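Peer 1: Next come a sequence and a model predicted from it.
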Amino acid sequence: MSTTWLTGCKAASREPISRSSFLLNTFVTVTLYSGGDEEVLEGAMDLCAWYEGLLSKTIETSEIYQMNHRKPGEREFTVSEETAEVLKKGLEYSALSEGAFDITIEPLSSLWDFNAEDPKVPSEEEIQEALPRVGYKNVSVSGNQVVFANDETTIDLGAIAKGYIADRIKDYLKEEKVESAVINLGGNVLCLGERPDGTPFQIGLQKPFASHTETVGVVGVRDLSVVSSGVYERHFIKDGVNYHHILDPSTGYPYENGLVQVTILSPLSVDGDGLSTTAFALGLEKGTELLESMEDVYGIFITEDGELHFTEGAEDFILAQ
């Protein structure tokens, strides 16, 4: 979901150790700077794979897949505590944004294949058929019980699951006495502590539509998450129009609101994940308003003209280059 990347990290006491795997449809990398060993890294990858097996909408044994492919009339499910927790968080952001972010977007998101060799814009008929199936109020979660109001509602946790999983990996690393680490789930970056020399981790903010080595700025963070959502990650251009993966649940088409990227700095990565999409969906003015109403959350918006807009306090994280 995100496009931030790590830059300039050197350990004072030892060389960092790192492990990468292709999970969650992206490259997952965990780097330990202080504490932990190869076994801990392997445990982090195993944990990530386990959560993917729980929350993926494409793995047939996952709880989400099974609910999405339920029999007609089957409306109630008992799920794991973890799945219930992610669903509750997703519903929280769906309500907070009044549906601009919606975890029941699956009927629409499944129409758009941004990874196809020759991506196509769905037909108007397909979109109109899918639209009435979207509506977060048709799902409720109480304890471990998930209840659907109809047979048509399906779930896509793609906009929030990576953040949740990053937080769980961080919890695991802390239990394993790791003091300094960076968890990078395809650009959802979560830092544990600071660099061993006492300086903040430096995370580059990718320049939209540029290569991964070009940045618009670098933020210095300690023990924080940095997550970006943008119109250039999963996208394709057809007849001069850029179609991207941040879909408007009310139209079925990608948002067009003058924004190209939103970056969120927050203590929890699940909040960064949910809020980067929510703030993008709400647009610059309402998105800024929402973020500034929350504690310990900072946002950086990039508009189509290339301008950077900061919520209160966000600019303080930008490092002089």
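Peer 2: Yep, that arrived.
Peer 1: Name the single longest helix found in the protein.
Peer 2: helix 269-292 (DSSP state H).
Peer 1: Tell me which other helices or strands that one touches.
Peer 2: Contact here means 3 or more CB pairs under 8 Å, 6 or more residues apart in numbering; DSSP states H and E; on that basis helix 269-292 packs against helix 81-96, helix 161-175, strand 188-192, strand 225-230, strand 259-266, strand 298-303. C-beta coordinates here come from the backbone N, C-alpha and C atoms, glycine included.
Peer 1: Return the list of helices and strands in contact with the shortest one.
Peer 2: Applying 3+ CB pairs under 8 Å, 6+ apart, we find strand 188-192 packed against strand 4-7, helix 161-175, strand 180-185, strand 201-206, strand 225-230, helix 269-292.
Peer 1: Make CSV out of the helices and strands packed on helix 269-292 and add mean pLDDT.
Peer 2: Supplementary listing: those in CSV, determined by pLDDT from 0 to 100:
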stretch, mean pLDDT
helix 81-96, 97
helix 161-175, 98
strand 188-192, 97
strand 225-230, 94
strand 259-266, 96
strand 298-303, 97
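Peer 1: With distance to residue 107 and mean neighbour count added, can I get these in a markdown table?
Peer 2: Putting the helices and strands packed on helix 269-292 into a markdown table (distance: least, CB to CB, whole Å; neighbours: other CB atoms under 10 Å) gives the following:
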| stretch | distance to residue 107 | mean neighbour count |
| --- | --- | --- |
| helix 81-96 | 15 | 19 |
| helix 161-175 | 18 | 22 |
| strand 188-192 | 25 | 27 |
| strand 225-230 | 21 | 28 |
| strand 259-266 | 24 | 26 |
| strand 298-303 | 29 | 23 |
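Peer 1: nearest to residue 151, of those?
Peer 2: Nearest to residue 151, of all the helices and strands packed on helix 269-292, is helix 81-96, at 18.1 Å by CB to CB.
Peer 1: Next secondary structure after the closest one?
Peer 2: helix 106-109 (DSSP states H and E).
Peer 1: For that following helix, C-alpha coordinates in CSV please.
Peer 2: C-alpha atoms of helix 106-109 as CSV (Å, rounded to 0.1, in the frame of the first residue of the first chain):
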residue,chain,number,x,y,z
GLU,A,106,-14.5,-6.3,-2.3
PRO,A,107,-17.3,-6.5,-4.9
LEU,A,108,-15.7,-3.4,-6.6
SER,A,109,-12.0,-4.1,-5.9
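Peer 1: in the helix or strand just after that helix, what's buried?
Peer 2: As assigned by DSSP H and E, the chain's next helix or strand after helix 106-109 is helix 124-130. Residues of helix 124-130 classed as buried: 126-127, 130 (neighbour count, 16 or more other CB atoms under 10 Å).
Peer 1: Pairing partners for the helix or strand following helix 124-130, with directions?
Peer 2: Scanning forward in sequence from helix 124-130 by DSSP H and E, the next helix or strand is strand 139-142. Sheet pairing of strand 139-142 (DSSP bridges) gives strand 145-148 (antiparallel).
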